[in-house]
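Asks: Could you work out the structure for the sequence below:
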Amino acid sequence: MEFQLATETIRVEQRRVRADLPTVIVDVFINALKIFLLFFAVWSVVGAIGLQIEGRLISADGWRDVMTGGVVQGAMYGLVALGYSMVYGILGFINFAHGEVFMVGMFGAMFVAHGMADNGMLESNFFLAMLIIIVAAMIVSAAVAVATEKIAYRQLRGAPRLIPLITSIGVSFFLQYAISGLFGPGVKRFPELPEFMQRRYSVLGLLVNGSQILVIVVTALSVVGLWWFVTRSKTGRAIRAVAEDKEIAGLMGINVDRTVVMTFLVGGAMAGVAASMWAFLYKNIFFLSGFLPGIKAFTAAVLGGIGNLPGALLGGMTLGIVEAAGPTFLTALRWEIPQVVSYALGVLALGLAAFGAYRLRNKVIVQTSTNVSLIVLGLVFAALAFTVLPGFQVVIPGASQVKDMIAFIVLIGVLMIRPIGLLGERLAVEERG
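Replies: Residues are numbered from 1 along each chain as shown. Predicted coordinates:
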């Protein structure tokens, strides 16, 4: 009797698998992408080590510059990503206009900086001038963020999620072309810095530009200030409560509308800090300056875990370092794969294919997609390992020109392996599945 029940169960599962054949095919394709990305990631790292040992990659000073630049870039991505995560954590939609909030802050910083340069304060009292510039950028960005919430988003609170998403894209275009109409489409330039900010200083054995030191210090102070605000202040606790459950927070006496406004204000202020640092570091500003940094900051927020503030910072740092070091690792793909390594990979792939066939033959039905993936991909990879990979190399001309692409490939790879991001999502109760 038990044998008949077991046989019938297997038959039912087999019929279910045949009905789910498209799902199995999709799973095999996704697993192939995972293996492809993992293989090239490992190859680039191992190749970089091999070429570095042979003295055919960049110098130690070059690596220090790459990592320092990545940390500085990632710090600014992280500050902008905080705004994406804070809004998503409370309202459950992506505010794609946040990149333009960042861009408007750059214009505010630039105009105040020119005023400081004209009266000589930028040269004679640089740090006070920079404080005024940062505060001005924070005020401008925060004001624009609050205005967009009151004018564009407040009436859409109960609407389907797609409607505020499309609205945010419209707000993004409006801000871009409003700035273009007011100040022209041409590139504006931030004033030149005092000479001492352009020198390199030794910090913990690293030679770092004065401008990079300032960015790191300002970012660290901003993050500490935000942490204190969110965890210690009454308004910060209200933001956390509303992010957890708006309905219950309202029943406990929290003014939800006011809290949402404060969330936009704080997110906009953090974007203003990043905007002043971006203008300070890269100088050139125009009406589309917020588009690509905004997309990358959104990428950082998703990479770290949407709605997770520490995750947004970690995602920004990770993205900045990967973007800075990515071209070097792409260059490392010219390292030829040794024949013995290729054959070893081929044997391993055949072993995995045999293991998948064994599991499939022994009716491990519940993991059919995994078993089929092991068989198909194991055989394909083994064939490549024995025929193509020995001595194989990839030469990418102009690898430094594709650093933007590298950042998004890394995002895809991480989300395929861990869809909730590096530190996990933090969503309101009504947003959880």
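Asks: Every contact and neighbour count from this point should use C-alpha atoms.
Replies: OK.
Asks: neighbours of L51, just the number please.
Replies: Number of residues near L51 (other CA atoms under 10 Å) recorded here: 19.
Asks: With A383 instead?
Replies: 15.
Asks: quick check, it in a strand?
Replies: No: counting by DSSP: H, G, I helix; E, B strand; the rest coil, A383 is not part of a strand but helix.
Asks: That one against G346, yeah?
Replies: Yes: in this structure A383 lies within contact range of G346 using CA atoms under 8 Å: 7.2 Å.
Asks: Identify the residues contacting the closest residue to A301 other than its chain neighbours.
Replies: Among residues not flanking A301 along the chain, A312 sits closest, at 4.4 Å (CA to CA, 6 or more residues apart in numbering). A312 sits next to 78-79, 81-82, 85, 300-306 when contact means CA atoms under 8 Å, 6 or more residues apart in numbering.
Asks: Need the three-state assignment for S202.
Replies: Using three-state DSSP, the structure places S202 in strand.
Asks: Could you measure from it over to A325?
Replies: Counting by CA to CA, to the nearest Å, the separation of S202 from A325 is 21 Å.
Asks: okay, those two: which has more neighbours?
Replies: Shown here are S202 and A325; by other CA under 10 Å, A325 has more neighbours (20 against 10).
Asks: Any figure for the gap between that one and D404?
Replies: As judged by CA to CA, A325 and D404 stand 12 Å apart.
Asks: show me where the protein has strands.
Replies: All strands of the chain, identified by DSSP state E, fall at 188-189, 200-203, 206-209, 284-285.
Asks: Most tightly packed of these?
Replies: Compared across the strands of the chain, strand 284-285 shows the largest average neighbour count, a mean of 19 (mean count of other CA atoms under 10 Å).
Asks: OK, contacts around E123?
Replies: Contacts of E123 by CA under 8 Å, 6+ apart are 117, 193-194.
Asks: Same check on L165?
Replies: By CA under 8 Å, 6+ apart, L165 lies in contact with 93-96.
Asks: how about JSON lines for the contacts of A312, with neighbour count and distance to A279 added?
Replies: Below are the contacts of A312 laid out as JSON lines (neighbours: other CA atoms under 10 Å; distance: CA to CA, whole Å):
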{"residue": "G78", "neighbour count": "35", "distance to A279": "16"}
{"residue": "L79", "neighbour count": "30", "distance to A279": "14"}
{"residue": "A81", "neighbour count": "37", "distance to A279": "17"}
{"residue": "L82", "neighbour count": "31", "distance to A279": "19"}
{"residue": "S85", "neighbour count": "32", "distance to A279": "23"}
{"residue": "A300", "neighbour count": "35", "distance to A279": "20"}
{"residue": "A301", "neighbour count": "36", "distance to A279": "22"}
{"residue": "V302", "neighbour count": "29", "distance to A279": "25"}
{"residue": "L303", "neighbour count": "32", "distance to A279": "25"}
{"residue": "G304", "neighbour count": "33", "distance to A279": "25"}
{"residue": "G305", "neighbour count": "28", "distance to A279": "27"}
{"residue": "I306", "neighbour count": "32", "distance to A279": "26"}
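Asks: list the contacts for the nearest residue to R189 once chain neighbours are set aside?
Replies: Of all residues not flanking R189 in the chain, N284 sits nearest, at 4.7 Å (CA to CA, 6+ apart). The contact partners of N284, taken as CA under 8 Å, 6+ apart, are 187-190.
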